[in-house]
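Peer 1: Would you be able to build a 3D model of this:
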Amino acid sequence: MTYTNGLAPIVTTYGPGNIHHLSYASNGGLPNVVGKITAPATAENETTNFLLGFSYTFTGYSFYWDGAGPAFWRVAGSPFTEPVGTSWTDATSALWGTEVILDANVQAQVSTAVNRDNEVIAFIIPDNLD
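Peer 2: Next comes the predicted model:
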């Protein structure tokens, strides 16, 4: 199950672009948090792996890729991959405690979020970690 027992999505992207990440529906009264992290400048003809972190304070997470090439998500150790959304209106989304990751329109949650570009809980990781 994603977001439990330390299992967070890994997003593999192709080429330059940004991963946008939203944490929302705080169970502690915190505001929604949104931000992006940019693939390295050297990513023109390469892949970049992003690990999308989470906090037990939020119960909703969404992300999308705005790059020129495709992006796919998976859970570490799993061969199963799915495409990543390309905007907040068709973001890849997960709610805490569910086994389903789906496309969702989270524009309303983004409109109230505090911007944290380059400070969101998303990390660039090296290849071959699993």
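Peer 1: got a list of what Thr89 touches?
Peer 2: With contact taken as Cβ atoms under 8 Å, 6 or more residues apart in numbering, Thr89 is in contact with 105, 107. All C-beta spots, glycine's among them, are computed from the backbone N, C-alpha and C.
Peer 1: can you list contacts of stretch 94-107?
Peer 2: Against stretch 94-107 from outside (Cβ under 8 Å, 6+ apart): 1-4, 9, 22, 24-25, 58-62, 73, 82, 85, 88-93.
Peer 1: Select only the buried ones of those in ChimeraX?
Peer 2: One line in ChimeraX is enough to select the buried ones among those; burial here means 16 or more other Cβ atoms under 10 Å:
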select :2,3,9,22,24,58,59,60,61,62,73,85,88,91,92,93
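Peer 1: Note down every partner strand of the helix or strand bottoming out on mean pLDDT in the chain and its orientation.
Peer 2: Lowest on mean pLDDT, DSSP states H and E among the helices and strands of the chain sits strand 122-125, with a mean of 81. Neighbouring strands of strand 122-125 in its sheet, by DSSP bridges, are strand 47-52 (antiparallel).
Peer 1: Export the next helix or strand after the partner strand to CSV, keeping only CA atoms.
Peer 2: Using DSSP states H and E, the next helix or strand after strand 47-52 towards the C-terminus is strand 58-65. Below are the C-alpha coordinates for strand 58-65, written out as CSV (Å, rounded to 0.1, in the frame of the first residue of the first chain):
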residue,chain,number,x,y,z
PHE,A,58,-1.5,15.0,5.4
THR,A,59,-3.9,12.5,3.9
GLY,A,60,-3.8,13.5,0.3
TYR,A,61,-1.0,13.7,-2.2
SER,A,62,-0.9,14.5,-5.9
PHE,A,63,1.8,15.1,-8.4
TYR,A,64,2.4,15.7,-12.1
TRP,A,65,5.2,16.1,-14.6
